[in-house]
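> task: produce atomic coordinates for the following.
(2 chains)
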Number of protein chains: 2
Amino acid sequence: MRRFRARVRVMPRPSLLDPQGQAVAHALGELGFRGVAAVRVGRTVELTLEAESAEAAREGALAMCGRLLANPVTEDFALDAVEPA
Amino acid sequence: MRRFRARVRVMPRPSLLDPQGQAVAHALGELGFRGVAAVRVGRTVELTLEAESAEAAREGALAMCGRLLANPVTEDFALDAVEPA
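Below you'll find the model as predicted:
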């Protein structure tokens, strides 16, 4: 078994309101930042996994997204990286 | 002015406890996932910015991290991508 680090990004679906992102956009404007057209806030989950191969680590991370890490109704997820840890 | 999308990743510092990550790791074990050595949970912030250039968008996003998006005491941030939107 080798150790891998998988990085998962979970974002609210584009069609859904994102009140947290709207609050951040508003706060940036209050701080004087110009040109902020939109903000969306999601999660990054870094998994350190023991697996036989990078492919096995990738499959495991995707299964975890489907079961726990992302809400399939309101969120999209992407696996950004799988690297030796 | 052109429109860019900047993606920022904000993670708890490695030296700090991450209770949310520990809770996720525990839940993955309860669901039957094996080989999960550690989990850390942070945020992804997608900024849609109007800027003169990609470099200006990058500088703006980094300034926003320093002022609002990341807690300098407890979090590290990284700018993962700046792309035309």
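> the residue in chain A sticking out farthest from the centre in helix, strand or coil?
Most distant from the centre of chain A: A:G32, at 27.8 Å, with distances by Cα atoms, centre = their mean. Three-state assignment for A:G32 (DSSP: H, G, I helix; E, B strand; the rest coil): coil.
> which other residues reach stretch A:64-72?
Applying Cβ atoms under 8 Å, 6 or more residues apart in numbering or on different chains, the contact partners of stretch A:64-72 are A:8, A:10, A:43, A:45, A:47, A:76-77, A:79, B:24, B:27-28, B:31, B:33, B:36. (Glycine included, C-beta is placed from N, CA and C.)
> please export the C-alpha coordinates of the longest strand along chain A as PDB.
In chain A, ranked by residue count with DSSP state E as the criterion, the top strand is strand A:36-51. Presented in PDB, the C-alpha positions along strand A:36-51 are these (Å, rounded to 0.1, in the frame of the first residue of the first chain):
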ATOM      1  CA  VAL A  36     -16.100  41.800  -8.100                       C
ATOM      2  CA  ALA A  37     -18.900  40.500 -10.300                       C
ATOM      3  CA  ALA A  38     -19.700  37.300  -8.400                       C
ATOM      4  CA  VAL A  39     -18.400  35.000  -5.600                       C
ATOM      5  CA  ARG A  40     -19.200  31.400  -5.000                       C
ATOM      6  CA  VAL A  41     -17.900  29.500  -1.900                       C
ATOM      7  CA  GLY A  42     -17.500  25.800  -1.700                       C
ATOM      8  CA  ARG A  43     -15.300  23.300   0.100                       C
ATOM      9  CA  THR A  44     -11.900  21.800  -0.500                       C
ATOM     10  CA  VAL A  45     -11.400  18.300   1.000                       C
ATOM     11  CA  GLU A  46      -7.900  16.900   1.200                       C
ATOM     12  CA  LEU A  47      -7.900  13.100   1.700                       C
ATOM     13  CA  THR A  48      -4.800  11.200   2.700                       C
ATOM     14  CA  LEU A  49      -5.400   7.700   1.500                       C
ATOM     15  CA  GLU A  50      -3.600   4.300   1.600                       C
ATOM     16  CA  ALA A  51      -4.100   2.600  -1.700                       C
END
